[in-house]
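Participant: I need the structure of the sequence given here:
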Amino acid sequence: MASQSDDYESVVKVKREEAVAEFRDDHKGFVKTVQHALHVTPSLVPLIVLIVSIIVFGSLLGSKFFSASSLTLILQQVQLVGIVAAAQSLVILTAGIDLSVGAIMVMSSVIMGQFTFRYGIPAEISILCGLIIGTALGAANGILVSKMKLPPFIVTLGTWQIILAANFLYSANETIRSQEIRTEAPILQLFGTTFKIGANEAGQGGATLTVGVIFMLVLVAFLAYMLRQTAFGRHIYAVGDDQEAAKLSGVNVDGVLIAVYALAGLICAFAGWALIGRIGSVSPTSGQEANIQSITAVVIGGISLFGGRGSIMGSLFGALIVGVFTLGLRLAGADAQWTYLFIGALIIIAVAVDQWIRKVSA
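Facilitator: So this is what the prediction gives:
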């Protein structure tokens, strides 16, 4: 009898251990599934954070936040950051970083304004010159990184200072006023043109959008298609994931890097045009925080700082998250420092999540 009892207890013990083991395996399998899903779709995390933050602020503030004017105001506020973040995203996907994006944006806007008002060049040609110079400045970064094998952080830190100094020296710290632009070269303010959607017959209500917002959305959609559906886009991911492996696969790594930095410069030049439309004037002191803001949007948007993983949509979601927190806390009457506190916490959390997700490929 004792033997039968011992056998029974042994069987029960084994059953319990198997059940615990199965439970642990299932749990591990669920975690791995989530980890893999986030690895495959990196923009999922910022999208969830964006939706949750909108719901939270909407429930706290009610119609004051959940209105067409408030929600479209967020888009207007983040249009510049969204455009520059798109440029920053391309560079970071190659495992680089560009600290000069804000300086290129401002320099391009100054070129557009000064060429028009100092030299009397038609505004359309001045805009084209600004776009070309922005592209050239970006290409210079790419050449230094690819051909001379210099670290992107050091290169763009140096060019940021050089472009910033050149900007002030060339413009003599002169601001071209909004009234002058509106009268003599209104095309410089094109991106600030507003139009309403869903307004009543009296023109009241509805959502107010700008050309700059539409440009930002079209740009993100185009880059998302390029990254996923073209050979150039796949080469960008390959270079960011492993340059040596990409080179052995036949990818022209140097050519990809130069093209990416040049494209980033062109996008920043468009941001410079949008900057004129946003603030109405041409000022060499505007947009000084664009580089930090763009990196913030990219990191919160789930693009890995190690390169090779991320989505351009994620950077847009990251910019919108910052916009939602900024507007929501402002409407709640909170101190502006709370915005920096929450955004700083989000940056740390985003990097921690990225490190956790990267383990799926380890």
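
Participant: What's the separation between residue 351 and residue 236?
Facilitator: For residue 351, the distance to residue 236 (C-beta to C-beta, to the nearest Å) stands at 21 Å. Any C-beta I mention is one placed from the backbone N, CA and C, and that applies to glycine too.

Participant: Between those two, which is the more surrounded one?
Facilitator: Neighbour totals were compared for residue 351 and residue 236, and residue 236 leads with 27 against 14 (other C-beta atoms under 10 Å).

Participant: What residues does that one make contact with?
Facilitator: For residue 236, the set of contacting residues under the criterion of C-beta atoms under 8 Å, 6 or more residues apart in numbering consists of 90, 93-94, 227, 256, 260.

Participant: helix or strand for it, which one?
Facilitator: Per DSSP states H and E, residue 236 falls inside helix 231-241.

Participant: Packing partners of the helix or strand just after that helix?
Facilitator: From helix 231-241 onward toward the C-terminus, using DSSP H and E, the following helix or strand is helix 243-248. Contacts of helix 243-248 with other secondary structure elements, assessed using 3 or more C-beta pairs under 8 Å, 6 or more residues apart in numbering; DSSP states H and E, are made with helix 231-241, helix 253-279.

Participant: quick one: low-confidence parts of the stretch 151-300 of the chain?
Facilitator: For the stretch 151-300 of the chain, the stretches flagged by pLDDT under 70 are 198-205.

Participant: One more pass at 80, please.
Facilitator: In the predicted model of the stretch 151-300 of the chain, residues 198-207, 288 satisfy pLDDT under 80.

Participant: Just the CA trace of stretch 345-355, in CSV.
Facilitator: What follows is stretch 345-355, C-alpha atoms only, in CSV (Å, rounded to 0.1, in the frame of the first residue of the first chain):
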residue,chain,number,x,y,z
ALA,A,345,10.7,59.5,-20.3
LEU,A,346,9.2,58.4,-23.6
ILE,A,347,12.7,58.6,-25.2
ILE,A,348,14.2,56.3,-22.5
ILE,A,349,11.3,53.9,-22.8
ALA,A,350,11.5,53.8,-26.6
VAL,A,351,15.3,53.0,-26.5
ALA,A,352,14.6,50.3,-23.8
VAL,A,353,11.9,48.8,-26.0
ASP,A,354,14.1,48.9,-29.0
GLN,A,355,16.9,47.0,-27.2
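
Participant: how distant is that stretch from the center of its chain?
Facilitator: 15 Å (C-alpha atoms, centre = their mean, to the nearest Å).

Participant: same deal with stretch 144-154?
Facilitator: That offset, for stretch 144-154, works out to 22 Å (C-alpha atoms, centre = their mean).

Participant: quick one: buried residues of that stretch?
Facilitator: Within stretch 144-154, the residues that qualify as buried are 144-146, 152, counting by 16 or more other C-beta atoms under 10 Å.

Participant: Can you pull out the residues in contact with it?
Facilitator: Contacting residues not belonging to stretch 144-154 are listed as 91, 96-99, 141, 155, 159, 253-255, 257-258, 261 [C-beta under 8 Å, 6+ apart].

Participant: Repeat that for stretch 120-135.
Facilitator: Contacts made with stretch 120-135 from outside it, assessed by C-beta under 8 Å, 6+ apart, are listed as 104-105, 107-109, 111-113, 115-116, 185, 187-188, 262-263, 265-266, 268-270, 272-273.

Participant: Give the rounded mean pLDDT of it.
Facilitator: Confidence for stretch 120-135, expressed as mean pLDDT, is 97.

Participant: Let me know the helix or strand that residue 79 is in.
Facilitator: Residue 79 is part of helix 68-93, with elements assigned from DSSP H and E.

Participant: starting at the chain centroid, how far to the helix or strand following that helix?
Facilitator: Scanning forward in sequence from helix 68-93 by DSSP H and E, the next helix or strand is helix 101-117. Here helix 101-117 shows a centroid-to-chain-centroid distance of 21 Å under the convention C-alpha atoms, centre = their mean.

Participant: buried ones in stretch 239-254?
Facilitator: Taking 16+ other C-beta under 10 Å as the basis for neighbour counts, the residues of stretch 239-254 that come out buried are 239-241, 243, 246, 251, 253-254.

Participant: between these, which is nearest residue 323?
Facilitator: residue 240 (26.9 Å; C-beta to C-beta).

Participant: Identify the farthest-apart pair in the buried residues of stretch 239-254.
Facilitator: Pairwise distances among the buried residues of stretch 239-254 were taken by C-beta to C-beta; the largest, 16.6 Å, belongs to 241 and 254.
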